[in-house]
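>>> sequence-free structure coming up:
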């Protein structure tokens with residue numbers, strides 16, 4: 001029997017080996033080869049949306065595969081980019097949209113957007129990490145949450161950053177034994193409380209993040225005892241992504257579709 005903490009550490013302590021193992025899976029290798037061979041030919045947002053394999057690959061790489069259907073929403077994200085303070089992606093509390101617009105920055109670079117490393121190898125690397133986390137969650141959701149928090153911790157700038165991301169919030173609530181009902185309380189109160197119990201500067205220190213995740217995995221294990229689990233088994237895709245309130249409101253005001 002392998003605990004949540006042990007499983008998480010087996011993967012994170014030799015992350016490159018874990019990622020290499022993922023990259024060698026036939027389906028992952030096939031989609032990555034296709035993406036890298038085709039993305040450089042994409043010269044516009046229209047070109048990008050016209051190739052569903054490229055689009056779906058980039059969406060999954062950023063943990064947005066659950067939003068792949070909302071093409072009008074995603075077009076707005078990419079069209080406005082991130083340079084202007086009022087850009088759509090900058091108004092969303094979920095930072096994954098900003099990350100996508102930075103990876104494929106058509107707004108700033110136009111037809112050259114896909115020639116940069118961040119649009120090619122950068123997205124491929126994100127795809128591997130995302131696949132690794134999703135696959136780990138197939139057997140133990142706590143392991144996926146820990147890996148995700150480890151990756152995202154340095155991007156947390158306020159209590160609102162935690163509220164905007166269901167996975168981050170679940171890690172913090174579990175680590176500090178906050179009841180699920182806490183998520184339904186006043187948003188400002190939640191944000192203030194998160195900032196009170198966490199030193200946000202500590203989240204930029206891998207060692208301190210590791211201590212927090214040790215606490216999280218211990219609490220997770222108490223609530224969700226592990227069964228037999230091999231964290232190095234062949235990975236398969238899954239999904240575990242929450243949608244923030246402001247995102248739902250924005251989607252509601254957009255027509256779904258490619259234009």
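That came through fine. In this text, all values refer to a predicted model and were calculated from it rather than measured experimentally. Residues are numbered from 1 along each chain as shown.

>>> Give me the mean pLDDT for stretch 5-16.
Averaging pLDDT along stretch 5-16 yields 93.

>>> In that stretch, which residues are buried?
Within stretch 5-16, the residues scored as buried using 16 or more other C-beta atoms under 10 Å are 5, 7-12. (Glycine included, C-beta is placed from N, CA and C.)

>>> One more: stretch 150-168?
Buried, per 16+ other C-beta under 10 Å, within stretch 150-168: 150-153, 156, 159-168.

>>> Which ones among the buried residues of stretch 5-16 lie within helices?
Among the buried residues of stretch 5-16, the ones falling in helices (DSSP state H) are 5, 7-12.

>>> rewinding a little: can you tell me which of the buried residues of stretch 5-16 lies nearest to residue 177?
Using C-beta to C-beta, residue 5 comes nearest to residue 177 of those, at 16.5 Å.

>>> Pull up the gap between that closest one and residue 126, please.
25 Å (C-beta to C-beta, to the nearest Å).

>>> same question, residue 48
From residue 48 to residue 126 the distance is 16 Å (C-beta to C-beta).

>>> and what of residue 32?
For residue 32, the distance to residue 126 - C-beta to C-beta - is 11 Å.

>>> Over to residue 167?
From residue 167 to residue 126 the distance is 16 Å (C-beta to C-beta).

>>> what does residue 153 give?
16 Å.

>>> Centre-most residue in the chain?
The chain has residue 63 as the residue nearest its centroid, 4.2 Å off, counting by C-alpha atoms, centre = their mean.

>>> Quick check: it touching residue 132?
No. Between residue 63 and residue 132 there is no contact under C-beta atoms under 8 Å: 12.0 Å.

>>> Now do the buried residues in stretch 204-223.
209-210, 212-213, 215-217, 219-221.

>>> Which of the buried residues of stretch 150-168 sits closest to residue 88?
residue 164 (15.0 Å).

>>> just checking, that closest one touches residue 94?
Yes. Residue 164 lies in contact with residue 94 (C-beta under 8 Å); the separation is 5.1 Å.

>>> for residue 47, what are its contacts?
residue 41 (C-beta atoms under 8 Å, 6 or more residues apart in numbering).

>>> Now do the buried residues in the helix or strand harbouring it.
Residue 47 is part of helix 45-50 when elements are defined by DSSP states H and E. Using 16+ other C-beta under 10 Å as the test for burial, helix 45-50 gives 45, 47-49.

>>> Does residue 62 touch residue 129 like I think?
No. Look at residue 62 against residue 129 with C-beta under 8 Å: they stay out of range, at 10.5 Å.
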